[in-house]
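[1] Turn this into a model:
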Amino acid sequence: MADGNGSTSIHNGDDAASSMTPFIVASGVATVVLGAASLFVLNKVNRKREDDVVGEEDECEASEKKPLDHTQYPNGYLNIFFGSQTGTAQEFGKELQSEAAEYGFMPRLIDLEDVPMGDEGETESFVKFLSAGLEDAVGGERAKSVFLVATYGEGEATDNARMFVEHLKGLYSSRDENSSVNSFLEFLDFSVFGLGNTEYEHFNAMGKLFNNLLPKFGAHRVAELGLGNDEDDIEGDFQSWKDEKFWPAIKKQYFAPPAKTPSGNGHTNALPKCKYDVEYIEKVNGKISRPDIVDQEDINSFTRHYFTSIDCPVKVVRELRNESDEGSTVHIEIDISDDIGKRVFNYMTADNLAVLPVNKDSDVRKVAGALGYNLDDVFRLKPSPKNEKQFKHIFPTPCSIRECLERYCDLTMVPRRSELKSLAQYAQDPMDKKALLRMASKEGKKEYNEKIVDAHLGLVDILTSYCKSIRMPLEHFIDICPRLLPRYYTISSSSSVHPNSVHITVAVLEKSRLDGSAYRGVCSSHLASIVPSGKSTCRVFCRDSTFRLPEDSSNPIIMIGPGTGIAPMRALLQERSYQRNTLKKKVGDSILYFGCKNRNQDYIYADELESFIKEGTLSSLYLAFSREKKDKVYVQHLLKENAENTWKLINDENASVYVCGGTKMGQDVVQTLKGIFRDIGKKSEDEAHSYLKKLEEQKRLVQELW
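    As a prediction, this is how the structure comes out:
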């Protein structure tokens, strides 16, 4: 999914490498807020001085260091802030950035994590940041900004926007005690566009939050709230909002046209601007130099994982399904023993493991061949002239072109329409250029869906089969090509039972394209193809999960995890067994609902579940085999059948409920629980809803969905 799709996702499947990597825990929601209040935000490593402004436009310099040319940019600065988990919000920001000059604005594209944030309750730092360069712009002292903020999980902010949102909420809660907060953004003009997915309950939570809270601090709304839906056409929603709401409102509010600039020397084949340069370097004794040592503040926060993740040996890759099943689910064990002493890798039971995918060698060779790159060439990525100040390292270099294409470039993701428009600038054949521009347009949406989306064509397919005339230097390809994002899997092992290894359960994605060829998930297929040996590794890092057992081990737990949703349940059962048999604790009942197609095909971990039952750790196991009978049976049906006992466990015995799996299943389970609260708990519809929300607030109802 896109940023507003299930934004970061936990998958125990493959996010299909769509621009919308399912972050599975819940739907990612991205938000664009136009308002010069760079409200506050993440600065985990104190990466910027307060008087530094980060931007990506060629000429973008801090106003106090280089005066703005008001003949070319009469409307002053337009700050474009983004908080993104999958990159969609950032890409939308680049679109606004590319169009800002024609409306008389100097754009500054800024990662929310790079915004200076003051102490709790303080407003001076970000007000100063937002106020830079306001003096002479049209509209006087009005600040103009756009915030693209992805929300993910249960209506939460993304990692790089979390502190921003917490600071905003903190200021709101202190309004009565600190009256100056009530109007500290009175110089701010703002608009909000949210990116979300209607499959998730908290649709566009962050967009709505910004839209409602900013006026509380005196800010002025310029354009009406726009809500994008990744379940339908989030890019189309953004285009419509941008062209029909945002820019018209901006133009009406304070538009002064920029002075006309010379059209150039008449050449039409000049390369577009690029913020990167490539320096090719010689190997030393036939070997690639070690990557440069880079300070944390000089690393792009969105791709920091390329620098911080670690390579760990893969010890086990085991097929879990029966050979009669056409699908594949693999159990993988990764050795972390070498890193434990170094305190590089630590995990807790049922945390999330991020795996950095690797593109297939055949795809890498195809792209290199199409663009004329030598895979063995070694380069260092540098800023182009006038971009030194805002340059951030996006991945470690020096590296070979092979490593760049294998690990850092998403070659198989379906490109957005805006990316087709960018590719068109490099097409040598007028017919290729025309086709790309046509599909990138609003009028070409149907053709784009049919020929690109439905056919699941990635950049590798477009470059090598459909628009073969595209040529571009390496630095331009790096600029245009989306980064290859990590895939998140809920860890299926207990850190108490397996302190030296981490286990994941991976559904291998493989689908047929319209032309009969197979599309395979870039990460799941990579993992499944690993042959364990001393040299077999994968690059990983760990992230906290929402799955945590009750502090009181005597409390019962109800686990609902069909398919690969069983992953965290396996981990929790291992931990409960450890508590019971090793720590000799009193452990409450553990109830598991598991579902799959057929007990003889995809009933994964069956032997382990039977062992948990025999030893007494697993109190009850309810199985839903959806394809064994005429009437399909799913886990929510079995939950409903056990309504009275479920209510007793939750209401009387303080049970916690854990749900992991597909979004639709999660929604059905929640509705079933509400029905139980109504029918057995004798609550009204509103009371049942409030009861459910209370369980969520108490962390007694936890969902990770994709």
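[2] I'd guessed residue 334 sits against residue 311; true?
    No: using CB atoms under 8 Å, residue 334 is not in contact with residue 311; the gap is 10.1 Å. No exception for glycine: its C-beta is placed from N, CA and C like everyone else's.
[3] quick one: the helices in the stretch 601-706 of the chain?
    Along the stretch 601-706 of the chain, counting by DSSP state H, counting those that start in this stretch, helices occupy 606-615, 635-641, 643-647, 663-679, 685-697.
[4] Now the shortest one: average pLDDT?
    Read that as helix 643-647. Taken as a whole, helix 643-647 carries a mean pLDDT of 98.
[5] Would you mark the buried spots in stretch 213-222?
    For stretch 213-222, burial by neighbour count (16 or more other CB atoms under 10 Å) applies to 213, 214, 217, 219, 220, 221, 222.
[6] want to throw the residues you listed into TSV with secondary structure and pLDDT?
    Shown next, in TSV, are the buried residues of stretch 213-222 (DSSP: H, G, I helix; E, B strand; the rest coil; pLDDT from 0 to 100):
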residue	secondary structure	pLDDT
213	helix	86
214	helix	83
217	helix	87
219	coil	86
220	strand	87
221	strand	88
222	coil	89
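[7] And for the helix or strand that contains residue 478, what's in contact with it?
    Take DSSP states H and E as the rule and residue 478 turns out to sit in helix 474-480. Under the criterion CB atoms under 8 Å, 6 or more residues apart in numbering, residues 271-272, 274-278, 371, 373, 379, 381, 384, 394, 401, 404, 408-409, 419, 422-423, 426, 472 lie in contact with helix 474-480.
[8] Mark which of the residues you listed are buried, thanks.
    The buried subset of the contacts of helix 474-480 - by 16+ other CB under 10 Å - is 274-278, 371, 373, 379, 381, 384, 394, 401, 404, 408-409, 419, 422-423, 426, 472.
[9] So which of these are in helices?
    Applying DSSP state H to the buried ones among the contacts of helix 474-480, the entries found in helices are 371, 401, 419, 422, 423.
[10] wait, doesn't the first one sit right on residue 464?
    Pointing back at residue 371 there. No: with contact defined as CB under 8 Å, residue 371 and residue 464 do not form a contacting pair (9.5 Å).
[11] what's the span of stretch 483-493, first residue to last?
    29 Å (CA to CA, to the nearest Å).
[12] Could you shift the numbering so residue one becomes 57, and keep it that way?
    From this message on, residue numbering opens at 57, which makes the last subject stretch 539-549.
[13] Let's test this: mean pLDDT of it, rounded?
    96.
[14] Can you tell me the number of residues neighbouring residue 527?
    Neighbour count for residue 527, taken as other CB atoms under 10 Å: 14.
[15] which stretches of the stretch 257-406 of the chain form helices?
    With DSSP H, counting those that start in this stretch as the criterion, the stretch 257-406 of the chain has helices spanning 261-269, 290-297, 303-310, 361-364, 393-396.
[16] taking those together, which one is wrapped up most tightly?
    Comparing the helices of the stretch 257-406 of the chain by mean neighbour count (mean count of other CB atoms under 10 Å), helix 261-269 ranks first with a mean of 23.
[17] where's the closest residue to residue 417 other than its chain neighbours relative to residue 415, distance?
    With sequence-adjacent residues excluded and distances taken as CB to CB, 6 or more residues apart in numbering, residue 417 is closest to residue 462, at 7.7 Å. Using CB to CB, to the nearest Å, one gets 5 Å for the distance from residue 462 to residue 415.
[18] Would you convert the helices of the stretch 257-406 of the chain into JSON lines that also reports distance to residue 242?
    Compiled in JSON lines, the helices of the stretch 257-406 of the chain are given as follows (distance: least, CB to CB, whole Å):
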{"stretch": "helix 261-269", "distance to residue 242": "14"}
{"stretch": "helix 290-297", "distance to residue 242": "25"}
{"stretch": "helix 303-310", "distance to residue 242": "16"}
{"stretch": "helix 361-364", "distance to residue 242": "39"}
{"stretch": "helix 393-396", "distance to residue 242": "51"}
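[19] Okay, now the unreliable bits of the stretch 407-556 of the chain?
    Along the stretch 407-556 of the chain, no part satisfies pLDDT under 70.
[20] how does it look with 90?
    Residues of the stretch 407-556 of the chain meeting the criterion pLDDT under 90: 442-446, 498.
[21] The stretch 57-206 of the chain too?
    In the stretch 57-206 of the chain, residues with pLDDT under 90: 57-147, 150-151, 153-155, 157-206.
[22] Can you check which residues contact both of residue 390 and residue 367?
    With CB under 8 Å, 6+ apart, residue 390 and residue 367 have common neighbours residue 594.
[23] Which one of those two is surrounded by more residues?
    residue 390 (24 against 12).
[24] From residue 124, how far out is the more buried one?
    51 Å.
[25] picking up where we left off before, number of residues surrounding the residue nearest to residue 417?
    Neighbour count for residue 462, taken as other CB under 10 Å: 21.
[26] try residue 718
    18.
[27] per-residue confidence at it?
    92.
[28] Quick check: it vs residue 563, distance?
    With CB to CB as the criterion, residue 718 and residue 563 are 11 Å apart.
[29] Need the overlap of contacts for the two.
    Residues touching both residue 718 and residue 563 (CB under 8 Å, 6+ apart): residue 619.
[30] Residue 741: neighbouring residues, count only.
    Neighbours around residue 741, by other CB under 10 Å: 10.
[31] Could you verify my assumption that it touches residue 733?
    No: the criterion here is CB under 8 Å, and residue 741 misses it with residue 733 at 9.5 Å.
[32] thinking again about what came up before, just the closest of the buried residues of stretch 269-278 to residue 306, please.
    Closest approach to residue 306 among those (CB to CB): residue 278, at 6.6 Å.
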